[in-house]
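Chemist: Got a sequence here, can you model it:
(4 chains)
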There are 4 protein chains.
Amino acid sequence: MLNQALLQQAVDSVRPLLGKGKVADYIPALANVDNTKLAIAVTTVDGQTIGAGDYLEPFSIQSISKVFSLTLALNLYREDEIWSRVGKEPSGHSFNSLVQVELERGKPRNPFINAGALVIADLLQARSGAPKQRMLEVVRKLSMNPTIAYDKVVADSEFAFSARNAAIAYLMKSFGNFDGVVETVLKSYFHYCALRMNCADLSKSMLYLANRGKTLTGEQLVTPVQTRQLNALLATSGLYDGAGEFAYRVGMPGKSGVGGGIIAVIPGDMSVCVWSPELDANGNSLAGTAMLEHLCQQLGRSIF
Amino acid sequence: MLNQALLQQAVDSVRPLLGKGKVADYIPALANVDNTKLAIAVTTVDGQTIGAGDYLEPFSIQSISKVFSLTLALNLYREDEIWSRVGKEPSGHSFNSLVQVELERGKPRNPFINAGALVIADLLQARSGAPKQRMLEVVRKLSMNPTIAYDKVVADSEFAFSARNAAIAYLMKSFGNFDGVVETVLKSYFHYCALRMNCADLSKSMLYLANRGKTLTGEQLVTPVQTRQLNALLATSGLYDGAGEFAYRVGMPGKSGVGGGIIAVIPGDMSVCVWSPELDANGNSLAGTAMLEHLCQQLGRSIF
Amino acid sequence: MLNQALLQQAVDSVRPLLGKGKVADYIPALANVDNTKLAIAVTTVDGQTIGAGDYLEPFSIQSISKVFSLTLALNLYREDEIWSRVGKEPSGHSFNSLVQVELERGKPRNPFINAGALVIADLLQARSGAPKQRMLEVVRKLSMNPTIAYDKVVADSEFAFSARNAAIAYLMKSFGNFDGVVETVLKSYFHYCALRMNCADLSKSMLYLANRGKTLTGEQLVTPVQTRQLNALLATSGLYDGAGEFAYRVGMPGKSGVGGGIIAVIPGDMSVCVWSPELDANGNSLAGTAMLEHLCQQLGRSIF
Amino acid sequence: MLNQALLQQAVDSVRPLLGKGKVADYIPALANVDNTKLAIAVTTVDGQTIGAGDYLEPFSIQSISKVFSLTLALNLYREDEIWSRVGKEPSGHSFNSLVQVELERGKPRNPFINAGALVIADLLQARSGAPKQRMLEVVRKLSMNPTIAYDKVVADSEFAFSARNAAIAYLMKSFGNFDGVVETVLKSYFHYCALRMNCADLSKSMLYLANRGKTLTGEQLVTPVQTRQLNALLATSGLYDGAGEFAYRVGMPGKSGVGGGIIAVIPGDMSVCVWSPELDANGNSLAGTAMLEHLCQQLGRSIF
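Modeler: Numbering: from 1, shown residues only, chains lettered A, B, ... in the order given. Sure, this is the predicted structure:
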């Protein structure tokens, strides 16, 4: 049964995994995180949130923000305006690869690899007056937490090490699939990634994915059909080059970030967020995946 | 509501798509199929099967057989014996590509691309006394149809044009990931592909995927956990390089074949088989996908 | 025998090829060139220059400048400082591909593809006080033509369409193989490419490659060994993805540019420059290659 | 000056390199070779042969045979019949890669990588009554050594480990670029590779490449133009993925084999063969390359 004890059990069960993964270290701001953090929070469609471990401690959500970005884009653009510029297929390559972008002439495989998320950020930049401010408003409202903020140190640090993402953006621009000024869009993109949120914030924010598009405050953020589509994309492409393994072990649509967070949902049921900074070889939280696996097994729940 | 009329409606709704796809023509035996065939059959977990269109007419199941092969392998081998030789990730390449097999040193991405299915066929060959006979017994029992047979013309024709698959098998052998005699395993593999079954046979046969591993006759073919895992693999890799789009539009784990058939399941609910020989650019049945999409929309059902 | 008549014959013999290639059109400044131009000039090691056709009409030398850049780098750096950052092998990919740069972790295959030339430009930027000015001085001296200048329109136009090269530079930067400010280095790089020189200028300038490193004015620009090495690199990598065909047909170390120029040398003998703006599928001057082939056949000369 | 003492000096100068490379070990018959062997032989266009070290000891010529195969094909086919099926460009990939063959739809990059040599072997099989016997006659005549023979142990051993080459052949067959029976052609191909010849045999045999197509016995094996073309192909593609480095250091058209032999020529001057079984990372003889480099430096000779 889903209760606080079960979540605590999930946390405890994965503690032996600490030390087996590797904290993201490509920028100092991420490398310095305490690698022993473990957290889980669940929000159910009836609006309840429970958590265990360090679930009230904020962390850098990183690529989890790609879910928010795509959702915002769905509010600003027609479907075909989005899907003519980014695909819906798993990439079969690492999250920051340029190979496929070149071979497929500038069209990224899906909105959750870096190339695809940069196209989405480019779309947001073009239609939002102040996209960074808008993003902040949205996540504050979704999580009902007005204190959520960008971590400027992380955002600036990402920008200082942004050569790879700049290369991706320029490559897409060379194929006519990037409209904005690269530096400007990158700055927005890195801010989205630098949002600091805790597991409770994130499980609350993602409830709409489990609740046919309805947020915790009852707003219809996206349609039920769009919600199903978002979950489908998360299931096939949300976990970098580990989506198959994640579906196999966990069986929930989900999205991970190199900060060690993973959000996942059981549609019609609940949204979950786990956090543990050490990553596996695919860049997904190692103990976080194990917590989700434990939870699904104990609850006997999965989309499959 | 799921009934014969709804299935008929699904068939009728896609008739305008005829002529927009392309029948597989790499062997004459497939090229000669009547491209106007349209069929759907559904088997529910309570054991009922209904159908519409040409659902009692047999066709070449082709790659749908890869589901049976993997299931048989799960009965003969420990999990790690299988997954050390084939991965669980979407490939991001076309179904018969050698590029990734070379780059990843002989380990295919998943059991549903040709390379992966050949490894599974190699496993079956090693442990089944008479794998072709065994496969036949299994599908006859699953479908409760003792008349199911191999189409020898198709099997021989495939073998005569088997250079690409031979190349894949030899490449894996060069990396130590193929034990048997290439010609022998290819012959078995092409026989599995050359099974002739109709939509009713296939929806009945696949019921175990919707029913926690239990077959129509009540046998526990695989465990509930294995069933979930099979569905997870189908959801992420079952539709060649169109798995993302299929999840987005249909939202069911599924597996397609170049004969124009697609099987799909809603776990806990039903298994479905559709058939229409014309294929889309990814090699999946064009009208078949549309029938499944129509069915899901009308029923308001999907795993997402 | 090498004389003006032979050169005129070379020009006349290729006139029927006009219209069979395609003028580079990625920037307007290049697209507007007169596609009927045909020119050849030869400078022999005894210091004589003869020419035919439009050999006194300047054109955009484009990638031919990569020979000057590498030569300047050899004057500023130790060999290992250069070859630790760029390879010496043919790439097997198109001149502006990022695939290999990513797969080989930021190290370009050779100094004559864009990636490699950008690394060389980065090296020049780091050690030359005013690299654009320095380049100008060098080519003016080599050609004994003080009027040679940059075409600002071309340079600015290239910069305006520089996304692909920016992507390459940023990708190398992400691997730690690009030190300078991308925009600054690109501006220098595009200036080198935008040098306007005629065939006589270029055949004179390249004489050092035929003359064991000695320039037309008798200066030892590089050592005899370095000269041999430069010629070796030109022979294997100087013609983009058409080096094999060029060696097969022409048999001279050479370097082409998308402006339609090609320089080539017979060591110990002569340097040649041809010009015809229409390019073949590999981006090399179509009629230019044919003129060189004609010349070699008539003279019975080749390095092979 | 070219004399026996100079060759002995070349041998002695590279002795310190022994132990720095790695003997080919993919088949036992090659792995068991004495890694301390060092040999060089030179044949000049006036018909003299001199040698030093183990230059009379036969070894497995392996890929050096690809030069003979292509030469024989030039005697049996029109140029366009050959070059429509195999390219002339450096591959930029390892010698046994399938990636490029797949991407370029079955057409190998050049006749000196395995894929290209298999196409040539397929051509020989189609037009020679007894291609293995014919090859033997040719090399015996070229070297004026009637005792040259195939090493059956090596040929059989290669065939037993032929999966990779079988994969390449089948892949080309799937694209319609391989006509014969794969096993039959592979057997011929492995026999060509299993020729046992010594450095004197090889330098004599290759004299036609230095002598405008004329063999040691005065026969015109290929035309002067074809000779130039063969040398051009060797210069750009003869050293696997190390052709650029070889041209840079040595400056002679050449061809290496994994048995540790390398043949090279200075057109108009001489043919050379070196042998040292330890290979560098590209599969070329490490000390062999160094001997050629030493020879060129001492003689002040190179094509560049």
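
Chemist: Now do the contacts for the residue lying closest to residue A:171 once chain neighbours are set aside.
Modeler: Nearest residue to residue A:171 in three dimensions, chain neighbours excluded: residue C:167, at 3.8 Å (CB to CB, 6 or more residues apart in numbering or on different chains). No exception for glycine: its C-beta is placed from N, CA and C like everyone else's. Neighbour list for residue C:167: A:98, A:166, A:167, A:168, A:169, A:170, A:171, A:173, A:174, C:98 [criterion: CB atoms under 8 Å, 6 or more residues apart in numbering or on different chains].

Chemist: can you put those residues in a markdown table and add secondary structure, pLDDT and distance to residue C:188?
Modeler: Listed next are these as a markdown table, based on DSSP: H, G, I helix; E, B strand; the rest coil; pLDDT from 0 to 100; distance: CB to CB, whole Å:
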| residue | secondary structure | pLDDT | distance to residue C:188 |
| --- | --- | --- | --- |
| A:98 | coil | 90 | 24 |
| A:166 | helix | 97 | 19 |
| A:167 | helix | 97 | 19 |
| A:168 | helix | 97 | 24 |
| A:169 | helix | 98 | 22 |
| A:170 | helix | 98 | 18 |
| A:171 | helix | 97 | 21 |
| A:173 | helix | 97 | 21 |
| A:174 | helix | 96 | 20 |
| C:98 | coil | 90 | 21 |
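
Chemist: between the residues you listed, which is nearest residue C:180?
Modeler: Sorting the contacts of residue C:167 by how near they are to residue C:180, with CB to CB, puts residue A:166 at the top with 14.2 Å.

Chemist: The residue nearest to the closest one when sequence neighbours are not counted and residue D:287: what is the separation?
Modeler: Excluding its sequence neighbours, the residue lying closest to residue A:166 (CB to CB, 6+ apart) is residue C:170, at 4.1 Å. Per CB to CB, to the nearest Å, residue C:170 is found 41 Å from residue D:287.

Chemist: The two: which is more packed in?
Modeler: With neighbours defined as other CB atoms under 10 Å in any protein chain shown, residue C:170 and residue D:287 compare such that residue D:287 has more, 30 against 24.

Chemist: Show me what counts as buried in the helix or strand where that one lies.
Modeler: Assigned by DSSP states H and E, residue D:287 falls within helix D:286-299. Buried residues in helix D:286-299, counting neighbours by 16 or more other CB atoms under 10 Å in any protein chain shown, are found at D:286, D:287, D:288, D:289, D:290, D:291, D:292, D:293, D:294, D:295, D:296, D:297.

Chemist: ok, which of these also contact chain B?
Modeler: Applying CB under 8 Å from any CB of the partner chain, the subset of the buried residues of helix D:286-299 adjacent to chain B is empty.

Chemist: Of all the residues in the stretch 101-250 of chain A, which one is nearest chain D?
Modeler: residue A:103 (9.0 Å; CB to the nearest CB).

Chemist: Nearest to chain B: which residue in the stretch 51-200 of chain A?
Modeler: For the stretch 51-200 of chain A, CB to the nearest CB, closest residue to chain B: residue A:92, 1.9 Å.

Chemist: what number of residues lie near that residue?
Modeler: 21.

Chemist: now swap in the one 10 residues further on and tell me
Modeler: For residue A:102, the neighbour count with other CB under 10 Å is 23.

Chemist: For the closest residue to residue A:2 other than its chain neighbours, report the pLDDT, please.
Modeler: Spatial nearest neighbour of residue A:2, excluding adjacent residues (CB to CB, 6+ apart): residue A:299 at 6.1 Å. The per-residue pLDDT reported for residue A:299 equals 95.

Chemist: Dead centre of chain A: give me the residue that sits there.
Modeler: residue A:64 (1.5 Å; CA atoms, centre = their mean).

Chemist: Tell me the residues on chain A that lie near chain B, please.
Modeler: Residues of chain A lying near chain B (CB under 8 Å from any CB): A:87-93, A:100, A:109-110, A:227-229, A:231-233, A:235-237, A:241-245, A:247-248, A:251, A:253, A:267, A:302-304.

Chemist: Apply 6 Å and report the result again.
Modeler: Contacts of chain A with chain B, taken as CB under 6 Å from any CB of the partner chain, map to A:88-92, A:228-229, A:231-232, A:236, A:243-245, A:247-248, A:251, A:267, A:302-304.

Chemist: what's the span of stretch A:166-186, first residue to last?
Modeler: 7 Å (CA to CA, to the nearest Å).

Chemist: same question, stretch A:73-82
Modeler: For stretch A:73-82, the end-to-end distance is 8 Å (CA to CA).

Chemist: Not counting residues beside it along the chain, what's closest to the residue of the stretch 101-250 of chain A closest to chain D?
Modeler: In space, residue A:103 is closest to residue C:99, 7.2 Å off (CB to CB, 6+ apart).
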